[in-house]
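Asks: Any chance you can model this:
(chains A and B)
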2 protein chains.
Amino acid sequence: MKPPRENIYFVDGLPVPETPQPGEKPAPWRQTRVIGKARPRVDAYERVSGTAVYPSDVILPKMLYGAILRCPHPHAKVRRVDLTAATRLPGVHAAISGDSLKVNPEWEYRTFGGPTVKSLLFDPHCRHEGEVVAAVAAETPYLARDALAGIQVDYDVLPFVTDEQQALAPDAPVIHGDSNRVGPPQVYQRGDVAKGFGEADVVLTETYHTACELHTPMELHGCVAEWDGDRLTIWESTQGVFAVQSGVAKALGLPLSKVRIIGRYMGGGFGSKLVAGKYTVIAAILARQIGRPVKLVLSREETYLAVGNRPPNHMALKAGVKKDGRLTALDFTGTGSGGAYPAGGTSLLDWQVRDLYTCPNVRCETTDVYIHAGPARPFRAPGHPQGSWALEQMMDALAHAIKMDPVQLRLKNIPAFSQARDGQPPYTTTGFAACLQEGAKAFDWQQARLKPARGKADEVWLRGVGMAGASWFLGAGFGPATVVLRVFADGSVNLNMGAADIGTGTKTVMAMVVAEELGIKSDMIQIEHADTGSTQFSGPSGGSKTVPTDAPAARAAAVAVKRQLLAMAAVQLEEKAKRLTIRDGRIHSTGASDKAVGIAELKELKRQGVIVGVGQKGPRPEGKVVVPFAAQFCEVAVNRHTGELKIVRFLGANDSGRVMSRLTYDNQVYGGITMGIGFGTTEKRYLDHGQTGKLVNRNWHDYKLPTALDVPVDMTSLPIEMPDDQANIVGAKGLGEPVTIPTAAAIANAVFHATGIRVTTTPINPVQLSRLLAQHRKKE
Amino acid sequence: MKPPRENIYFVDGLPVPETPQPGEKPAPWRQTRVIGKARPRVDAYERVSGTAVYPSDVILPKMLYGAILRCPHPHAKVRRVDLTAATRLPGVHAAISGDSLKVNPEWEYRTFGGPTVKSLLFDPHCRHEGEVVAAVAAETPYLARDALAGIQVDYDVLPFVTDEQQALAPDAPVIHGDSNRVGPPQVYQRGDVAKGFGEADVVLTETYHTACELHTPMELHGCVAEWDGDRLTIWESTQGVFAVQSGVAKALGLPLSKVRIIGRYMGGGFGSKLVAGKYTVIAAILARQIGRPVKLVLSREETYLAVGNRPPNHMALKAGVKKDGRLTALDFTGTGSGGAYPAGGTSLLDWQVRDLYTCPNVRCETTDVYIHAGPARPFRAPGHPQGSWALEQMMDALAHAIKMDPVQLRLKNIPAFSQARDGQPPYTTTGFAACLQEGAKAFDWQQARLKPARGKADEVWLRGVGMAGASWFLGAGFGPATVVLRVFADGSVNLNMGAADIGTGTKTVMAMVVAEELGIKSDMIQIEHADTGSTQFSGPSGGSKTVPTDAPAARAAAVAVKRQLLAMAAVQLEEKAKRLTIRDGRIHSTGASDKAVGIAELKELKRQGVIVGVGQKGPRPEGKVVVPFAAQFCEVAVNRHTGELKIVRFLGANDSGRVMSRLTYDNQVYGGITMGIGFGTTEKRYLDHGQTGKLVNRNWHDYKLPTALDVPVDMTSLPIEMPDDQANIVGAKGLGEPVTIPTAAAIANAVFHATGIRVTTTPINPVQLSRLLAQHRKKE
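Replies: Numbers count the residues shown, from 1 in each chain, chains lettered A, B, ... in the order given. This next block holds a predicted model:
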């Protein structure tokens, strides 16, 4: 048998034709030349040099600037809006309110499986600070904001409740209907928890609290809206152009084909830019009324008030474990608030408890409540970091209680089936044990555990290590996706896809997929994406779905054009197509002959000008579930006097199937850990519950994002590469969410290891930690 | 048998499934609900209101304005270009010349089958007035033109020849090589002309001259060029974005995928905007050098000098006819000049002589020569109006000589085969006889012929009628073309095609094709077109190819999505897909049941978000030729004293297969006749052959385009509708060129009928006609 050649597929040790026939699924990649390598981003120059045009950079001829007047009260009714003074300002072209519009569009808030609440674009009943009251458009952004000051609003100020625990008190002001419960409690149950606790050797109970976190993407929420006849074009900073298209079309009563949303570059969303915002529709209404384009970009303060957050949650967890480490029961109760409208205050909060470990008896009950605050939106791994904060600290406590290494305890409970032993489908691949074992080895976990203080007992800095595991329920991507590839006569390629690149490197990964399959260089590939008018359909980039959804479609499209290229070459070279392969832009025979032709030399390609291939995401694997796993390890140092916390080093081990692009993979790991450090140690939305109900920390000074100084230099990304060929034809599972889920819990466990203090409330900031250290000292 | 329903296909009287299976060709349309109707243009509002953004309307942030310094001499060598003073002007950002560039790109001129001449973008040897010498970019267009005045150029001024007949004189200055002949004379021959003349009852000989005509589209030639990293985007007023892409990529050495050409709206081209101009590449070079976008729009004077023209031609035709009207021989000699480079000075000049009539013995010889003038470009029916000027006047003269009605003479020689009796393939359909007969009837031709002067012999205005016929060799379209349709969840549609709408209504026709096939309203269809970055491939819109090329691709794409929609409805309605049809946005059963569902109500469509269908132009019919035919009839009045010519009425009868859109069809007819009136009666480029070699009439005042006052109010479009189902799956043949080919000859024939004077040189303007009338009076 001849030695294997690069770029030839082998299945069961036998070479198979590289290019499947129509209808056949392409063989898995066995060896790759591009995929998995560390390649710079295809748009690195543009992003770094500033030539990349983000929606907030768009300037159109005759463009005006919009601004929104927002309700300053957490609860009020608008009695009257007087726009007169604003409209009289020279340079102000329009001022609008609910009453000034012919149609004040309906605005729906809904959660998956929860209730739907109808509101209005300009709703006279303002249920949170920052609700939309009026809007203007003027020659400059400054003038627009000045004009807002000229709008007179009479409010009936009403009683409010902004604390999610107080909201359930019998005398609390009611946000909707006759109770602040969003719906009946959601209950999940398997086995019998009472029986499980009876079988346990150790049972622990603890309560946990996580603060409300704000999304804070670098690029503010905003758009530019322009009309051309009855067609509306909007440049929007969004994770999903098609979702925005559908929201805008619905609000304005337009056919979808007449609403074009262009995204292209965008500066982060983390879940807060999945759908159309009210500001998008307002910009469109202003632009139509004036007959000129309108740019409307929110201020940071507005985004903090009105475009979403990670809900605050309160959790109680009771857990039983045998001395050998087997979990016997988990009983979880959680509450939370998505704010003033149905917005998933407890969405997926219990998923880690239900799903991460094999445990026969589990009960979860979650209760979502309304408060007078801005609505939540999905935030990188919705519910999961909060649930992980509880579960993974509990696992640490259980390990401590039965004197078992925390890694070992987790290895005792590795799942092979979704929601173990509940008649659920198995996973396609499970790299959780490898994440734990190889992560621990690379971190030198056992050695590090032995030296908790790394110095003398009276030293200022207490050192400790901690770890946590995680899974993400949605690893196969979702929804349909189409990619269209065009190959030009010189062999260069245009890739057309609907997906947004939200900063994660989607474009780079797609270019690498195509370069791999077609044997060409990535820099011959130009990508057009995220434009409902001219690119293909894909759902919003979120939920770690983009690579597992769009990369298979890209590969399928590449296979489709490759089939045509090889057929052309077969005619020109007088060779069978199945004997041909492409490398370095040339098609050559893999047989005995040395026949070869460059793609750019194909006569039929020249004749046709451009050839087209369409690829679509395949179905999910039948009867199986695709789930990525993660384990994170960290070392911290705590100042025993001040409560200052230093994160010394971090390691993230991830099983997300195939590593597509090593650089973007590592970027996701580092970014996820950084975001987890923020969630765990610095970030918290402060509402003035007692006096005003208003947001206290509404800017980057007062709202503490982690800075470069809060993040360790020593960060390691350890891919546990297990190509998941059952998941899809590229073998990749999602990566974006699992990288941030366990971070905060790992830090809390390290803090416990360093100090003996179990911090159950986020963020672990010096204010809290110095107080806990003082209490601890007293106890000692 | 049940009565036929609308929208159900019948073949041989039997209903066939409306939607073909994959691979099947859709059945011809037998009844239509949209196609053929007079519907307003889909972009009428935008075009009329001014919201349509043409390339010359594009304004980008930080955009600069370019301008080109052009050689003022018909023949000179550039010794030195000093840019110093220009670059010192405040607000001037760059000044470039051939010497200042690292690479002065090659520039090729070639004709199909003729020689290729290599030149440079900035060629120091200037072979025509208006050749590119230097360029600048500045803050305003005015400043850019001022800066040109600061550029110092030393020229070696050289002897020139600008008259195409003098260019063949032995002592004429030579433009390339050692002779001004572009190549050896092109000879076509069938039968034996000497024998043919021997068999004739009447033999006539005449010489004909046609002036050089300038394209003069409303929108000037120009572009905006912008770089994003190594990617170049150009908004260009062009007939073919892919042709411009290829020219620019070649000149700048870029992969095609990195050059994006956006056309969208454009304001006319008539053949002069088929390829990249030097100005396009210059704008790109300036933009790259400065790092800001550059707009470069030529002045009207520059377009008259440098972007093309219809070559001046000189023809001799000898024709033999039997008394019964059968042609026995045609002997044609033609010369012409495409200017200083190979540019088709005699392209297709003899085609009407070879092809329009059955004649056993034909000989054509054409000689193309160089002169020191701007290169020609294809101009609406290249060569044809000139050849028709000769042939159709000769036919009129022959009819006069044998005392036969000119319509009858033509009917005696109707062809059924391409280039009759030469072993050539037959036509798919031949509506020429119908054009002649039905046109004559509708014009009341025989009655009109009887009253030549329509009044007393001493009246000032002499009245006459004339007619001419025509064919266009390219009726089936050409080149590949792809259309992608996307259907959104609400049933609205996005149509993606590469073809430019050059003002002819292409977008409207494509929307009607899709509306017809999908049973939806045209206003639910949004079209994205003419963008190499985001739309599908199609060749340039020219040669009457757009409808027969792109409409079949659009129909095929509609069939592809329809198949998916019907399959979805079949599942949802529990009905067989082949029993389903779509009308008014609803899919309903054609069987006994009354099951129906709206497209917007299809659950699977909602789940998929968007569905995609790809359609491609089918192959041309094998062994057959697709040719559209035309006959035009006109009435004129000639002022016997001043030579003023009034065109009183015109009728155009056209066989172009199926009428796709009645309004755009009629527009083409009226526009073609108008342009033919210009060619025949007003337009002529004057070069100062004796003194300076420069263009004399270089603006809209001196170059006489026909105005509304030169065009008759009484114009009739008479479609001879014969759906050509062999040509393609929409049954349409090209229309844009045949409508203008016979116009000038018909006018000349009417002038002969009115005055007895045969005017053989265009334009028939008062200067010429008053002189001829005076000579005629002397002879009498």
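Asks: Quick check: which ranges of chain A have low pLDDT?
Replies: A:1-23, A:419-422, A:452-457 (pLDDT under 70).
Asks: Identify the single longest strand in it, thanks.
Replies: The longest strand of chain A (DSSP state E) is strand A:327-339.
Asks: Return the distance of that strand from the chain's centre.
Replies: 22 Å (CA atoms, centre = their mean, to the nearest Å).
Asks: So which elements touch that strand?
Replies: helix A:193-199, strand A:313-321, strand A:362-370, helix A:384-401 (3 or more CB pairs under 8 Å, 6 or more residues apart in numbering or on different chains; DSSP states H and E). No exception for glycine: its C-beta is placed from N, CA and C like everyone else's.
Asks: Taking strand A:362-370 as reference, get the angle to the last one.
Replies: I take that to be helix A:384-401. 140 degrees (axes from the mean of the first three to the mean of the last three CA atoms, to 10 degrees).
Asks: Take the following helix or strand past helix A:384-401, keep the C-alpha atoms, and write them as CSV.
Replies: Toward the C-terminus, helix A:384-401 is succeeded by helix A:406-411 as the next helix or strand (DSSP states H and E). The C-alpha coordinates for helix A:406-411 follow below in CSV (Å, rounded to 0.1, in the frame of the first residue of the first chain):
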residue,chain,number,x,y,z
PRO,A,406,-11.8,18.2,43.8
VAL,A,407,-10.6,16.9,40.5
GLN,A,408,-11.1,13.4,41.6
LEU,A,409,-14.6,14.1,42.9
ARG,A,410,-15.6,15.4,39.5
LEU,A,411,-14.0,12.5,37.7
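Asks: Could you tell me which residues of the stretch 301-450 of chain A lie near chain B?
Replies: Within the stretch 301-450 of chain A, no position is adjacent to chain B by CB under 8 Å from any CB of the partner chain.
Asks: Can you list phi and psi of the closest residue to chain B within the stretch 301-450 of chain A for me?
Replies: Closest to chain B within the stretch 301-450 of chain A is A:Pro378: 18.5 Å, counting by CB to the nearest CB. With angles defined as degrees, to the nearest 10, A:Pro378 sits at phi -50, psi 140.
Asks: The nearest residue to it once chain neighbours are set aside: which element?
Replies: Using CB to CB, 6 or more residues apart in numbering or on different chains and skipping residues adjacent in sequence, the residue nearest A:Pro378 is A:Gly271, 3.7 Å away. A:Gly271 belongs to no helix or strand when assigned by DSSP H and E.
Asks: neighbours around A:Gly271, how many?
Replies: Neighbour count of A:Gly271, defined by other CB atoms under 10 Å in any protein chain shown: 23.
Asks: now it: how far from chain B?
Replies: Distance check for A:Gly271 against chain B: by CB to the nearest CB, to the nearest Å, it reads 19 Å.
Asks: I figured that residue hits A:Glu213, correct?
Replies: No. Look at A:Gly271 against A:Glu213 with CB atoms under 8 Å: they stay out of range, at 10.9 Å.
Asks: what is in contact with the two at once?
Replies: Any residue near both A:Gly271 and A:Glu213 by CB atoms under 8 Å, 6 or more residues apart in numbering or on different chains counts here, and that gives A:Phe379.
Asks: still on that earlier bit, next up, the contacts around the residue nearest to A:Pro378.
Replies: A:Gly271 neighbours (CB under 8 Å, 6+ apart): A:215, A:239, A:308, A:377-380, A:382, A:542.
Asks: PyMOL command to pick out the buried ones of those?
Replies: Selecting only the buried entries of the contacts of A:Gly271 in PyMOL, with 16 or more other CB atoms under 10 Å in any protein chain shown as the criterion:
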select buried, chain A and resi 215+239+308+377+378+379+380+382+542
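Asks: So chain A: which segments form each domain?
Replies: Following automatic domain parsing, one finds the domains of chain A at A:44-54+A:477-616, A:309-475+A:623-779.
Asks: And those domains: which comes nearest A:Ser97?
Replies: domain A:309-475+A:623-779 (19.9 Å; CB to CB).
Asks: residue nearest the centroid of chain A?
Replies: In chain A, the centroid-proximal residue (CA atoms, centre = their mean) is A:Arg380; its distance is 3.5 Å.
Asks: Find the nearest non-adjacent residue to that residue, please.
Replies: Nearest to A:Arg380 is A:Phe270, by CB to CB, 6+ apart, at 4.9 Å.
Asks: and the one you found, how many neighbours?
Replies: Neighbour tally, A:Phe270, other CB under 10 Å: 26.
Asks: where's it relative to A:Gly680, distance?
Replies: To A:Gly680, A:Phe270 is 16 Å away according to CB to CB, to the nearest Å.
Asks: Please apply the same query to A:Asp666.
Replies: Taking CB to CB, one finds A:Asp666 at 21 Å from A:Gly680.
Asks: Show me the beta-bridge partners of A:Arg190.
Replies: Beta-bridge partners recorded for A:Arg190 (DSSP bridges): A:Val362.
Asks: can you give me the helices in the stretch 651-780 of chain A?
Replies: With DSSP state H, counting those that start in this stretch as the criterion, the stretch 651-780 of chain A has helices at A:662-677, A:743-755, A:766-779.
Asks: Chain B: which of these is closest?
Replies: Per CB to the nearest CB, nearest to chain B of the helices of the stretch 651-780 of chain A: helix A:662-677, 17.9 Å.
Asks: Just confirm A:Ile35 contacts A:Met660, I think it does.
Replies: Yes. The pair A:Ile35 / A:Met660 is scored as a contact, 5.9 Å apart, by CB under 8 Å.
Asks: Could you pull out the residues contacting both of these two?
Replies: Contacts common to A:Ile35 and A:Met660, judged by CB under 8 Å, 6+ apart, are A:512-513, A:730.
Asks: Which of the residues you listed fall in strands?
Replies: Those of the shared contacts of A:Ile35 and A:Met660 lying in strands (DSSP E): none at all.
Asks: same for chain B: which of these are within range?
Replies: Answer for those near chain B: none qualify (CB under 8 Å from any CB).
Asks: Neighbour count added to these, as JSON lines?
Replies: Shown next, in JSON lines, are the shared contacts of A:Ile35 and A:Met660 (neighbours: other CB atoms under 10 Å in any protein chain shown):
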{"residue": "A:Met512", "neighbour count": "26"}
{"residue": "A:Val513", "neighbour count": "33"}
{"residue": "A:Val730", "neighbour count": "28"}
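Asks: and which of those is nearest B:Pro719?
Replies: A:Val513 (50.8 Å).
Asks: ok, A:Ala476 - contacts?
Replies: A:548, A:620-621, A:625-626, A:727-728, A:733-734.
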